[in-house]
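Trainee: no sequence for this one, just the structure:
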């Protein structure tokens, strides 16, 4: 334990306590308000369950159109610290996190005991307040693939206007008018602080034949880029502040610390929700629709608790089946990444003691400096392995100026959940500047499911992602290792002294850099990128307008609606889904209103 460890103990050690203190103070003040305030109205035009990335967009757009909305959130408001980008790592496993855990995997995350930590936002703004703020849309062919699956209205040309509608891109970028929105609610830019090693990563990509530019634009089929991030003047906004907050107290009523138990059904029609708040069970009704935006874990769980799902599974856990819909909870897909650790010349990565410097705080006051770093990952890339036959890239790189050694074990290794036996390997590099190249599987073939663990709404569901159960996924990762080794051999990486770490403790017995070694390494270190989608998919659970098949007045709007995962970080697509859903809901309301008026007119005649 050197001086850096002790200084980090003094500076980083209190942060989890401060976050917990903020959470419980917010809970306490909300509880007091709940006790002394008049009861909220029991009926609204729309009820949105989940104030996350999509839910806040939907609620805000419906309120903008003049509708009353009840926005329900299991957590509370985000503390100020959560808006500081450089503190992102501390949010995982805090009270702002649902802190889900997967079932033990047989073929992956073995270095963490086979269990993968799945953080999900339990806070206003949802996972848009916990994520690493990357704004990546995926590939245009991803959405055309949805369209070609029979999902009319979801092709690239159909969804592009909704990407642009929410975006306020600040700064200069090629083909800005064609690919980016300005004036939207969500600020996106690429000029936050980047670790100096990022420049070397981008130059290394150019040596391998990739251009540096806009991978949300012309370079969707391959290229490197400085990370695009959802920040405004160095401040993480999140979707609650961007889309919903301005309507709270007028058209939006927010119910924080409220756990949705189930959808209230009358026959095959959704009429409201049952929730528990501060120990009291309450029912709220919707005049128009109930919208589930609880995410790819929460939304299928609520559907199943409401009796909508596979009838045999519901019977197993003691839930009465109301509507047999076997696709609920199935089709779980997630991106997984592989951290490949390197050392490089001093001063090029994250300085773990930067928070101690007065210059850091002075820079942050003007919207810059290390505290605006997106978790140490200054670069991203879409690339092709030698196995790829698809015009779409099969790997996305996260190019980081930090490693599991950088913070001396205070944050990152804990977030990944590595076994204690991995720490000596990491600790051997705490005296060096280090980073990671993290190839990420863009379109995994392995898929899993969400199931109820019990009929208790408070019990976390069974999460079975089935990582690396398809051989192609493993083969693609092994091919990405070869590509990564080629990147490290470029002149750009040699110039900064980049060196691959020595063999790790789990796989060193197989011979460093052999085929058997790398297969073992992949299985031990591959981990989630926090992008679960697909569990209430269009085409099996929902129609193309995101309505639950066979149930009136009920939609799902979040990442669970994706029939296939897109090739990139999923937050931007989920926000797009929220924009498009709000548009469709308002269209359907007008159409229904017109029919009512026409019927009334005919009756009067």
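Mentor: That came through fine. Predicted, not measured: the structure shown is a model, and the values here were computed from it.

Trainee: any weak-confidence spans in the stretch 301-450 of the chain?
Mentor: Within the stretch 301-450 of the chain, the set of residues satisfying pLDDT under 70 is empty.

Trainee: and for the residue nearest to residue 356 when sequence neighbours are not counted, the neighbour number?
Mentor: Setting aside the residues directly before and after it, residue 356 is nearest to residue 11 in space (CB to CB, 6 or more residues apart in numbering), at 6.2 Å. From N, CA and C alone the C-beta is placed, and that goes for glycine too. Burial of residue 11, expressed as a neighbour count using other CB atoms under 10 Å, amounts to 15.

Trainee: isn't residue 11 right up against residue 357?
Mentor: No: proximity of residue 11 to residue 357 does not meet the contact threshold set by CB atoms under 8 Å, at 11.0 Å.

Trainee: which residues in the stretch 51-200 of the chain form strands?
Mentor: Residue ranges of the strands in the stretch 51-200 of the chain, as given by DSSP state E, counting those that start in this stretch, are 69-72, 100-101, 117-118, 167-169, 186-188.

Trainee: can you list the helices and strands that the host helix or strand of residue 204 packs against?
Mentor: Of the helices and strands defined by DSSP states H and E, residue 204 is found in helix 197-207. When contacts are defined as 3 or more CB pairs under 8 Å, 6 or more residues apart in numbering; DSSP states H and E, helix 197-207 packs onto strand 223-226, strand 377-383, strand 395-400, strand 433-441, helix 471-488, helix 491-495.

Trainee: swap in 7 Å and give it another go.
Mentor: In this structure, helix 197-207 packs against strand 223-226, strand 377-383, helix 491-495, with contacts taken as 3 or more CB pairs under 7 Å, 6 or more residues apart in numbering; DSSP states H and E.

Trainee: what's that helix in contact with?
Mentor: 212, 224, 226, 344, 348-349, 378-379, 381, 399, 401, 435, 487, 490-493, 496 (CB atoms under 7 Å, 6 or more residues apart in numbering).

Trainee: show me the shaky parts of the stretch 151-300 of the chain.
Mentor: When residues are selected by pLDDT under 70, none of them lie in the stretch 151-300 of the chain.

Trainee: switch to 90 and redo it
Mentor: Segments of the stretch 151-300 of the chain classed as low confidence (criterion: pLDDT under 90) are 237.

Trainee: any idea where the helices of it begin and end?
Mentor: For the stretch 151-300 of the chain, applying DSSP state H, counting those that start in this stretch gives helices covering 156-166, 176-179, 197-207, 238-239, 295-305.

Trainee: and these as JSON lines, adding mean neighbour count?
Mentor: Written out in JSON lines, the entries for the helices of the stretch 151-300 of the chain read as follows (neighbours: other CB atoms under 10 Å):
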{"stretch": "helix 156-166", "mean neighbour count": "19"}
{"stretch": "helix 176-179", "mean neighbour count": "13"}
{"stretch": "helix 197-207", "mean neighbour count": "22"}
{"stretch": "helix 238-239", "mean neighbour count": "32"}
{"stretch": "helix 295-305", "mean neighbour count": "27"}
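
Trainee: quick one: which of those is nearest residue 450?
Mentor: Within those, the stretch nearest residue 450 is helix 295-305; the backing value is 4.9 Å (CB to CB).

Trainee: ok, and what's touching the following helix or strand past the closest one?
Mentor: Helices and strands here follow DSSP H and E; after helix 295-305, the next one along the chain is strand 308-309. Strand 308-309 is touched from outside by 303, 322-323, 325, 328-329, 548, 551, with contacts defined as CB under 7 Å, 6+ apart.

Trainee: most surrounded residue in those?
Mentor: For the contacts of strand 308-309, the largest number of neighbours (other CB under 10 Å) sits with residue 328, at 33 neighbours.

Trainee: ok, that residue touching residue 541?
Mentor: Yes: shown here, residue 328 and residue 541 form a contact pair, counting by CB atoms under 7 Å, at 5.5 Å.

Trainee: mind listing what's buried along stretch 309-328?
Mentor: By neighbour count, and taking 16 or more other CB atoms under 10 Å as the criterion, the buried residues in stretch 309-328 are 309-311, 313-314, 317, 319, 321-323, 325, 327-328.

Trainee: stretch 101-108 now?
Mentor: By neighbour count, with 16+ other CB under 10 Å as the criterion, the buried positions of stretch 101-108 are 102, 105, 107-108.
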